[in-house]
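**Q** please find the sequence and the predicted model below.
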Amino acid sequence: MDRNMSHEETNPDSIQISRRKMMGVVVGVINLGLIASVVGPVIGFAAAPLGQKRKQQWIALMDEKLIGPGEVKEVTYSLKIVDGYHEVEQMYTVYLRRGTDDVICIDPTCTHLGCRVKYQTEHHKFVCPCHGGVFDDEGNNKSGPPPKPLERHPVKIEGGKVWISRDV
């Protein structure tokens, strides 16, 4: 044995430690690559709707003369929706309420669990059949579990017609 060799060169433990470190680094890099290949597409899929801009579309619902002051009217309309590679005609319902100087559009989806509310003309209120939520005739929540008022859509009156704006 050569006396000029250092202790590290002759000690087999020093070689094994450096091999262990190298293997640890290699395994760590492989694991990071595998995690990134799984998590990357999941994050991309979840974040994709955030990058899409929604378009507003104005829809003519009815003649302005067909709704009187203080009246609440249920209106059904249809929209063509692109679903994948299919174009589907989807039916929607809203309530229009005419005040003294304006018209509001109320979405009938309850803000508690999404059930469809019904308007009770004789009591001037919207009632949710699922959990008893009650809203006044302007869609403001009055009692029950709904946490907030019914959603409203923008309305304009133009050319003698009532128009609402929806995301498409």
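**A** Here it is on my side, so go on. What you see is a predicted model; the values in this text were computed from it and never measured.
**Q** what is the mean pLDDT for stretch 26-37?
**A** Here stretch 26-37 scores 93 as its mean pLDDT.
**Q** tell me the gap between it and the middle of its chain.
**A** Between the centre of stretch 26-37 and the centre of its chain there are 33 Å (Cα atoms, centre = their mean, to the nearest Å).
**Q** the residue nearest the centre of the chain in helix, strand or coil?
**A** The chain has Pro49 as the residue nearest its centroid, 8.9 Å off, counting by Cα atoms, centre = their mean. Secondary structure of Pro49, reduced to three states by DSSP: H, G, I helix; E, B strand; the rest coil: helix.
**Q** if I look at it, how far off is Gly114?
**A** 19 Å (Cβ to Cβ, to the nearest Å). All C-beta spots, glycine's among them, are computed from the backbone N, C-alpha and C.
**Q** and stretch 146-165, C-alpha only, in PDB?
**A** Extracted in PDB, the C-alpha atoms of stretch 146-165 (Å, rounded to 0.1, in the frame of the first residue of the first chain):
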ATOM      1  CA  PRO A 146     -80.500  32.000   1.300                       C
ATOM      2  CA  PRO A 147     -77.400  34.000   2.100                       C
ATOM      3  CA  LYS A 148     -78.000  36.800  -0.500                       C
ATOM      4  CA  PRO A 149     -80.600  38.200  -2.900                       C
ATOM      5  CA  LEU A 150     -81.500  36.600  -6.200                       C
ATOM      6  CA  GLU A 151     -79.200  37.500  -9.000                       C
ATOM      7  CA  ARG A 152     -80.200  40.200 -11.400                       C
ATOM      8  CA  HIS A 153     -79.300  40.600 -15.100                       C
ATOM      9  CA  PRO A 154     -78.700  44.000 -16.800                       C
ATOM     10  CA  VAL A 155     -81.800  45.400 -18.500                       C
ATOM     11  CA  LYS A 156     -82.300  48.000 -21.200                       C
ATOM     12  CA  ILE A 157     -85.400  49.200 -23.000                       C
ATOM     13  CA  GLU A 158     -84.700  50.000 -26.600                       C
ATOM     14  CA  GLY A 159     -87.000  50.200 -29.600                       C
ATOM     15  CA  GLY A 160     -90.100  49.400 -27.500                       C
ATOM     16  CA  LYS A 161     -88.600  46.100 -26.400                       C
ATOM     17  CA  VAL A 162     -87.200  44.900 -23.100                       C
ATOM     18  CA  TRP A 163     -83.600  43.500 -23.500                       C
ATOM     19  CA  ILE A 164     -81.500  41.600 -21.000                       C
ATOM     20  CA  SER A 165     -77.800  40.900 -21.000                       C
END
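**Q** with that, I have no additional questions.
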